[in-house]
Structure formats: C-alpha cells, structure tokens
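Trainee: let's see this in three dimensions:
(one chain, ligands or ions: 1)
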Amino acid sequence: MEIQSSQQTKLKISLYLNYFVHGIGLIILAQNMQALGNLWQTPLATVSYVISGVGIGRLLAYLILGSLADRYGRKNFVYVGMLCYLVFFGGILIAPNIQVAYGLAILAGVANSALDAGTYPTFIELGGSNGASNILIKAFMSLGEFILPLLVALLDNHQWWFGWSFILAIAVLLVNFVILRPLKFPPQNKIITKKQQHFTRLIGWRRWLIAGCLTGYGYTSMALMILYTQWISLFAAKILHFSNWQAHFLLSLYSIGSISGVIILFALLSREVSETKLLLILNSLSLISLVLIGWSTQLVIVAAASLLFGMTAAGGVMQTGLNLFLKLFPQRKGLITGVFFTGGSLASFSIPLITGWLSKFSIATALHFDILIAVLGLLLVIVIKILLAVVQTPDLKQVRKRISKLDHWIIVLLNRRFQAVKLAGEIKTAQQHPILDTKREEQVLEQVARQSADQQITPYLLNVYQQIMQNSRDYEAQHKD
Ligand SMILES: O=C(O)C(=O)C[C@]1(C(=O)O)C=C[C@@H](O)C=C1
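Mentor: Numbers count the residues shown, from 1 in each chain. Prediction:
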C-alpha cells in the first residue's frame, strides 16, 4: 500500500503547516502578555504563571498520548493536536478568567504532545532518506516563531486588535483540516531498511542501556538550548560587559545559526550521512563553542561561537537523536516519541529552576552549567556510538534463550486464547450457529496483517494464524456438549 508521491508531498506540507502553527503557539502568550494582562485584569506575573501551564500539559500528556498513538493510528493524533490548538487559540481570546486560561494553556501542551506523537513517527514511516524530513519540522517551527513577533508588532503599531494573530493561527488550522482530511497516512510500524533489521540484533541490557542513553539525550539536548537562550544576554552584559545591543545580538546570531544548521543537517541526512556520526560531530562542536563563549572576552570570538552554537545545538540535533531512537525501536514509535520529549519537557521545567538557583552565586556559574550539560550529552552520544558499533550476531545459545523466553509468553497467551475460544464455541452452540465463521476468520487475518511489525514476516504469521484457528475449531468441536 504505497502512497503516491503527490499525496506524500501534500501530506508532508500539511504536517509541516501544523508546526508553523505550533511555532506561533510556543510564543503567542509571551508575545501578548500586556494585552492578555489587560483582558484578564491581572498583573504580568500572573500571565507568566499561565504560560507555565503549557509545560505541565506537555509533561502530563507525552507518555500517555505517545503510547496511545501506537494503538489508535497517527492521523487521529494529528487531528487531536489540531483540535486542541484550535480550542486553545480561540479559547484564550474569550477566556473569562485566569483559571480558564490556565486550563487552556495545559491544552496547548497536550496539543504539542499529540502533534509530536502523530507526526514524528509518520515521517519515519514515510521512508525516504534517514528521516531528513523530521529536521524540517524544526524549520517550520522557527518560521512561526519568526513571523509572529513581526505580526504582533504590526498590530501594536497600528493599534489594531491583538487577537488577529490568534485568528491567523485558527485560519491556518482550519485550512489545514481541509487539506489533511482526504490524505492517507503510511502503514504503521514497518521495519523497512536492512540497517534497522541489523539493530534488532541488539538484545538484553545493551538495548535497555541505549534506550536509557537516548532518553537522557532528550533531556540534555533540550537543556542545552533552554539554558543558553535564558542566560546568554545577561551573561554577555553583566560578565563580559558587552553593550546591551551586543548582548541581545548574540541571541539573534544563535537563531541565524539555528536556521542555517537545519538546512545543513537536512542536506546531510538526505545524503544518508549516519545519524550517530552527525550527533558526535555536532555535540563536540557545541561543546567547543560553549567553552569559547564561557572563557573568551573578545566580541568577535563570542559572536562567532554563538553562531556555531546555534548551528550545532539548535539546528535539529534533537530531532536527529529522536530519529535514531525511532529507528532502533520501530515497533513503538509513538511511545518512543513520548519518552524522548518527556525528557525534553523535564529539561524545560527543571533548567530554569536549577539555573535560577545557580545564578545566586553568579550568572557565570549559571552559564557554565551549560558546559557540564554539553559534556554529559557528548558522553551519552559516545556510549550510544560504542554500543551500536559492537552490535554483533549473538551466539546460538543466547538466541535460543531469547526464543524460550518469548515462547513462555506465547504459551501463556495461547492458553488464554483457547479458553476464550471455548467460550465463543459454547455461545455459538447455544445460539445454534455453526462453529466455522469464515467472515470472522477473515477479520482476524486482516488484523494480523495490519498489526504485523514487519511485512516480510506477515505471510508466515498468517500461516500460523490459519493453523491456530483450525485448532480452535477442533477444540470447540470436541467440547461441544
Ligand atoms: O470467534 C469465533 O467464533 C471463534 O470461535 C474463534 C475463532 C478463532 O480462533 O479466532 C475460531 C473459529 C471461527 O471460525 C472463528 C474464529
């Protein structure tokens, strides 16, 4: 069931459009603090408290929605994300008080989680080159984050209603609903490449360790960016004694670096450059640039290092980590997306708290903490690289141990299946229905084909199931009275 390439392009555009809206959603509350404060008749600090609801929503929803997305289909979750955002953008404009606004902010966090759980796995399942498309998600988010402040300033200059920026987001979402509705998503959970099959040889503690490292990487990769964007301007002004303009310009350089980083990374991943190699290079470079920022006092060096840091730490390196994670665990892509971004959400939540405390010693300490995070991130990537390099074919004894463990579960489940089948047989006898139900058997086989994780295995699974059902019928016939 290949999707036509024109359909694929439409699907990609539609998924990207959502992230343009998401980029707007990320900063729309912060950009309209004054107007919203007036609307709810509350001070700015209270509006800022509402913004924290988004983080809570994400933390609550990522794991739950991620695992559900594996069961109920990607498209439904993209819909849920869009719908939640629609309610958020519309609701904020008419929220009667701060409590309702807080609830809506939580909903924005849920929207974020649902979109991610539906979208990232889909891009991987569309196949193609190394998940390069996932990197462009970052570019569309940046586009939204770039356009919104300009729009807010335009509305403000003309003293027009601030709500128009919310209406823009609603309009894009509505148009996107129309675009998305007829589009087909790729089949879920197929192991596609030879390389991915190679990774299924990774068993036992190594598999768990890699999963742990990649989850940790979800935390460090997000923490790296959050910390820098929060403290760099203050650090430059107070510690390096740069002018106010220079201090803020560092953040702009970081953004320019980030956007060029996305383009470079997209090109490299499209050329099938290995993800682990990229992670290693990018994390080493961001560590070097942070060291330069932390210890140089020269404007030119700090400025160049900020550009490099944006390029390497905020140019899609997080998405690259997730791509790798998804390829290693292709059966539960939704759940993996949820786990990875839960790490990221924990970073967004904890870094402001930790660095707030560190800044009591000095702002330099807060910024230098980013170097520690960069070292940690690099170490995680090195461990991942080593573990993947030593993936070897396990010996016969190990494989058989694994087969025996799996057989144990299969037997438990088959026992339960036969018990249920017996019950079905008793009901059919009572209602005078025949034992054989061809239509039902077709449904069972369809479900097997749909849920199979690997298309190459599907015909064998279908054979096994035909045998199981034949034995079920025999069992039902034997216990008829
Ligand atoms: O669903 C039933 O009616 C069953 O008896 C179970 C079952 C099965 O094994 O799945 C067995 C025989 C029928 O032909 C259809 C399905």
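Trainee: which ones are touching the nearest residue to Leu126 once chain neighbours are set aside?
Mentor: Excluding the flanking residues, the one nearest Leu126 by C-beta to C-beta, 6 or more residues apart in numbering is Pro186, at 5.2 Å. C-beta coordinates here come from the backbone N, C-alpha and C atoms, glycine included. Residues near Pro186 by C-beta atoms under 8 Å, 6 or more residues apart in numbering: 3, 122, 125-127.
Trainee: how about Gly81?
Mentor: Gly81 sits in contact with 18, 111-116, 118-119, where contact means C-beta under 8 Å, 6+ apart.
Trainee: of all residues in this protein, which one is closest to the ligand?
Mentor: Using C-beta to the nearest ligand atom, Ser472 is the residue of the chain that sits closest to the ligand, at 3.4 Å.
Trainee: do I have it right that that residue meets Phe418?
Mentor: Yes - counting by C-beta atoms under 8 Å, Ser472 does reach Phe418; the two are 6.9 Å apart.
Trainee: look at these two and report which has more neighbours.
Mentor: Between Ser472 and Phe418, counted using other C-beta atoms under 10 Å, the more crowded position is Ser472 (20 against 15).
Trainee: secondary structure class for that one?
Mentor: When classified by DSSP: H, G, I helix; E, B strand; the rest coil, Ser472 comes out as helix.
Trainee: which stretch of helix or strand covers Ile28?
Mentor: Ile28 belongs to helix 5-31 when assigned by DSSP states H and E.
Trainee: er, Leu335 I mean
Mentor: Going by DSSP H and E, Leu335 is in helix 333-358.
Trainee: what is the orientation angle of the host helix or strand of Met225 with helix 333-358?
Mentor: Secondary structure from DSSP H and E places Met225 in helix 205-238. Relative orientation of helix 205-238 versus helix 333-358 (axes from the mean of the first three to the mean of the last three C-alpha atoms, to 10 degrees): 40 degrees.
Trainee: identify each buried residue in the next helix-or-strand element following helix 205-238, please.
Mentor: Remark: after helix 205-238, the chain's next helix or strand is helix 244-270, criterion DSSP H and E. With burial defined by 16 or more other C-beta atoms under 10 Å, the residues of helix 244-270 counted as buried are 246-247, 249-250, 253-255, 257-259, 261-262, 264-266, 268-269.
Trainee: average pLDDT for helix 244-270?
Mentor: Averaged across helix 244-270, the pLDDT comes to 90.
Trainee: now do stretch 188-207
Mentor: 65.
Trainee: next: stretch 343-362.
Mentor: 90.
Trainee: of the contacts of Gly81, just say which sits nearest to Ile226.
Mentor: Ile226 lies nearest to Asn112 out of the contacts of Gly81, by C-beta to C-beta, at 15.1 Å.
Trainee: picking up where we left off before, chain center to the helix holding Met225, what's the gap?
Mentor: Distance of helix 205-238 from the chain centroid (C-alpha atoms, centre = their mean, to the nearest Å) equals 15 Å.
Trainee: what's it packed up against?
Mentor: Packed against helix 205-238 by the contact rule (3 or more C-beta pairs under 8 Å, 6 or more residues apart in numbering; DSSP states H and E) you find helix 244-270, helix 275-295, helix 299-313, helix 317-328, helix 333-358, helix 363-389.
Trainee: elements contacting the third one?
Mentor: So that's helix 299-313. helix 205-238, helix 244-270, helix 275-295.
Trainee: the first one now?
Mentor: In terms of contacts (3+ C-beta pairs under 8 Å, 6+ apart), helix 244-270 is packed against helix 132-157, helix 205-238, helix 275-295, helix 299-313, helix 317-328.
Trainee: return the most buried member of those helices.
Mentor: helix 317-328 (a mean of 25; mean count of other C-beta atoms under 10 Å).
Trainee: could I get it in CSV with only the CA atoms?
Mentor: Provided in CSV are the C-alpha atoms of helix 317-328 (Å, rounded to 0.1, in the frame of the first residue of the first chain):
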residue,chain,number,x,y,z
VAL,A,317,20.3,17.8,16.6
MET,A,318,17.4,16.9,19.0
GLN,A,319,15.3,15.7,16.1
THR,A,320,18.3,13.7,14.8
GLY,A,321,18.6,12.0,18.2
LEU,A,322,14.9,11.1,18.1
ASN,A,323,15.2,9.8,14.5
LEU,A,324,17.9,7.4,15.8
PHE,A,325,15.7,6.3,18.7
LEU,A,326,12.7,5.7,16.4
LYS,A,327,14.8,3.5,14.1
LEU,A,328,16.2,1.4,17.0
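Trainee: so what's the gap between that helix and the chain middle?
Mentor: On C-alpha atoms, centre = their mean, the centre of helix 317-328 falls 9 Å from that of its chain.
Trainee: how about the residues of this structure by the ligand?
Mentor: 421, 424-425, 428, 436-437, 440-441, 444, 469, 472-473, 476 (C-beta under 6 Å from any ligand atom).
Trainee: 5 Å - rerun?
Mentor: Residues of the chain lying close to the ligand by C-beta under 5 Å from any ligand atom are 421, 424, 436-437, 440-441, 444, 469, 472-473.
Trainee: give me the buried entries from the residues you listed.
Mentor: Applying 16+ other C-beta under 10 Å to the residues of the chain next to the ligand, the neighbour count classes 421, 441, 469, 472-473 as buried.
Trainee: where does the chain have its least confident helix or strand?
Mentor: helix 194-199 (a mean of 61; mean pLDDT, DSSP states H and E).
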